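**Student:** sequence and predicted structure are below.
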Amino acid sequence: MTTQTLPAETPTTTGVVELSTVSRWYGNVVAVNDISMSLHPGVTGLLGPNGAGKTTVLHMMAGFLAPSRGTVTIDGKPTWRNPAVYRDLGLVTERESVHGYLTARQFVTACAKMQKLRDPAGAAQRALELVEMTDAAERRIETFSKGMRQRTRVAAALVHEPRVLLLDEPFNGMDPRQRMHMMELLHRLGDNGHTILFSSHILEEVEQVAGLVQVIVAGRLAASGDYRKIRRLMTNRPHVFAVRSSDDRRLAVSLIAEKSVAGIEIEATGLTVRASDYGSFTRALPRIALDQGIRLRQVVPSDESLESVFSYLLEG
Amino acid sequence: MTIIVTDGLTKTYGGGVTALADLTVAVDAGVIGLVGANGAGKSTFIKIMLGLLAPSGGSVRVFNLDPVTQTDQVRARVGYMPENDCLPPDVSAAEFVTHLGRMSGLPKTTARERASEALRHVGLYEERYRQIGGYSTGMKQRVKLAQALVHDPDLLLLDEPTNGLDPAGRDAMLSLIHRIGNEFGISVVVCSHLLGEVERICDSLIAIEGGRLLRADRISSMTEASDILAVEVADGTDELAAALEQRGLVVTRDGRMLLVPLESDEAYDRILHAVTDLDLNLHRLDQRRHRVAELFTTKETADV
């Protein structure tokens, strides 16, 4: 599979988490191939098809795997063979491995003790408050729903107030309300200045939580940055808009004279406009409508979603 | 055509756990989304429709048959795709689907032909002769769907069909379900947690909460346009917000979007003037639609 690599548009300043020309191979299998990325405070989504190398990247960040080449650092310190890094790092793995016989409070307190915090009980209380689990904190984890278990695990990962939080598929198996709750939590943590990276397959959800994405395809970084800006950089793909107005046909006539318009289709439900130049078209459209005395009722970009950006990246 | 009717359907498990409480619903043919929280009673409902569980109270009819007493007739017309990984690893997909076809009562040769056809429909070609153990998640999901289709049912019950699939795999599975519902004319009940997915492929929706019916309606009536306009520009959102307020519009912000109440058609013109005066890129101008997700945002419970 060939993929087009788009220039990263994130600022070039050093991130909290830095990957520099990182590769990882297992024998002859190259799982991660020459990836450089920096993560900054806020929420970033880690995307890619199954087997693209997402979990390998997360595990290298968490210090579970040594990079075969390159360096992975958090705050300038390598993650591999450096237990001190866990002071700054929280991790929520994909597989659940919590002791069901513990209460949420016992589990989170145990994690606080493991971090040698001075006031484990107080830290546990703060973490449980953060994920809104204080009401159920005295119940055993095995009695929890999937969403409550997941939130307890986030509390445990956050108990020592790390700056970086990594989550592997945190939404798996959650129902709609639990999903919304978790999204809201990630949002809040990102706004509080945590650096959060989470992997997910559900692009609509990533879109709602994170503007920034890192897309890995076949072990390589295919794109990174704000997916809307990534879309703008794909200049070889016309931008498609669905437009409805008080007089579609007359609007189409005026639009086709625009240089930035590559094609228009007239359908019963409105116009489908393909624009070759996003900037000039979106500026020209309202002006033309006003000049012609046509009332614009709807302008909707049809291929700007993360879903289409992602599929364009895969097609290369 | 109504395919499933329940009346006061109740299921209590030993130990006093109530999975379904007085569920009354009539389901029309089409692609139907079944949504609800974990533990809301979706799986229990499916098991009762299949005749795997007997209800504790009330009644259920599937194609006007009683799943408790007419189990065989119901199963002849219903295909079921379970959620969990339940495939034997050491047989090929072709053998497995053929076997299940024979279990449904098809003669040997017919079962083989039907299996071949079902596997082709779900997009498994040469791979079907390999052992299932070596399949990817996407391929396994396809095998599960093929075995549900093999006896040519009139109704499919799919439990979380896109679980574990990556974006491309999800997309393929969703268009497949859409095709089954629309081209083959088989009704499909899809259990899913992903409301966006339900909005995309389903005609109607049943939402269950705590074993009770929360809402049953057509998707189109749940995603009706609201009287709020959403405006999005590439840059300069703040300037636009100020300009709109100057023009007497009430503006609220939602992320990158500005929301403006659509009181009269004149609002459209005012927005357009504001955008052109500031020379901004108009990215989106649209009436906001209601979303299925709103069903679940209204009531917050501590037990989430």
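**Tutor:** Great, that's in hand. Here the structure is a predicted model, which is why all the values come from computation and not from measurement.
**Student:** so residue A:84 lies in a helix, does it not?
**Tutor:** Yes. Counting by DSSP: H, G, I helix; E, B strand; the rest coil, residue A:84 is part of a helix.
**Student:** and it, what is it in contact with?
**Tutor:** Taking CB atoms under 8 Å, 6 or more residues apart in numbering or on different chains, we find residue A:84 in contact with residue A:77. Heads up, the C-betas are built off the backbone N, CA and C, glycines and all.
**Student:** tell me the spacing between it and residue A:77.
**Tutor:** From residue A:84 across to residue A:77, the span is 7 Å (CB to CB, to the nearest Å).
**Student:** hey, what's in contact with both of those two?
**Tutor:** By CB under 8 Å, 6+ apart, no residue touches both residue A:84 and residue A:77.
**Student:** can you give me the strands for the stretch 101-250 of chain A?
**Tutor:** All strands of the stretch 101-250 of chain A, identified by DSSP state E, counting those that start in this stretch, fall at A:164-168, A:195-199, A:212-217, A:220-226, A:239-245.
**Student:** need the strands for the stretch 151-300 of chain B, in chain order.
**Tutor:** Secondary structure of the stretch 151-300 of chain B (DSSP E, counting those that start in this stretch): strands at B:155-159, B:187-191, B:204-209, B:212-218, B:225-233, B:252-254, B:257-261, B:282-289.
**Student:** ok, back up a step: pipe the strands of the stretch 101-250 of chain A into CSV and attach mean neighbour count per row.
**Tutor:** Below are the strands of the stretch 101-250 of chain A laid out as CSV (neighbours: other CB atoms under 10 Å in any protein chain shown):
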stretch, mean neighbour count
strand A:164-168, 23
strand A:195-199, 24
strand A:212-217, 24
strand A:220-226, 22
strand A:239-245, 21
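**Student:** now do the contacts for residue 172.
**Tutor:** Looking at chain A here, since you left the chain open. Applying CB under 8 Å, 6+ apart, we find residue A:172 in contact with residue A:94.
**Student:** I was after chain B.
**Tutor:** B:123, B:138.
**Student:** about what we covered before: what's the closest of the strands of the stretch 101-250 of chain A to chain B?
**Tutor:** Chain B lies closest to strand A:239-245 among those, at 9.0 Å (CB to the nearest CB).
**Student:** gap between stretch A:59-74 and the chain center?
**Tutor:** Averaging C-alpha positions (CA atoms, centre = their mean, to the nearest Å) puts stretch A:59-74 20 Å from its chain's average.
**Student:** any idea how far apart the tips of it sit?
**Tutor:** Criterion CA to CA, to the nearest Å; first-to-last residue distance in stretch A:59-74 is 13 Å.
**Student:** tell me which residues are up against it.
**Tutor:** A:16-25, A:32, A:34-36, A:56, A:78-83, A:85-86, A:88-89, A:91, A:164, A:166, A:197.
**Student:** also stretch B:19-29?
**Tutor:** For stretch B:19-29, contacts defined as CB under 8 Å, 6+ apart pick out B:1-13, B:41, B:44-45, B:48, B:55, B:58, B:187, B:189, B:204, B:206, B:208, B:210-213, B:216.
**Student:** coming back round to it: got a markdown table for the strands of the stretch 151-300 of chain B, with mean neighbour count and distance to residue B:128 too?
**Tutor:** Shown next, in a markdown table, are those (neighbours: other CB atoms under 10 Å in any protein chain shown; distance: least, CB to CB, whole Å):
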| stretch | mean neighbour count | distance to residue B:128 |
| --- | --- | --- |
| strand B:155-159 | 23 | 20 |
| strand B:187-191 | 25 | 23 |
| strand B:204-209 | 22 | 33 |
| strand B:212-218 | 16 | 37 |
| strand B:225-233 | 18 | 45 |
| strand B:252-254 | 11 | 48 |
| strand B:257-261 | 19 | 47 |
| strand B:282-289 | 19 | 41 |
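**Student:** including distance to chain A and mean pLDDT, could those go into TSV?
**Tutor:** Listed next are these as TSV, based on distance: least, CB to the nearest CB, whole Å; pLDDT from 0 to 100:
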stretch	distance to chain A	mean pLDDT
strand B:155-159	13	95
strand B:187-191	11	95
strand B:204-209	9	92
strand B:212-218	11	91
strand B:225-233	8	91
strand B:252-254	11	89
strand B:257-261	12	91
strand B:282-289	4	91
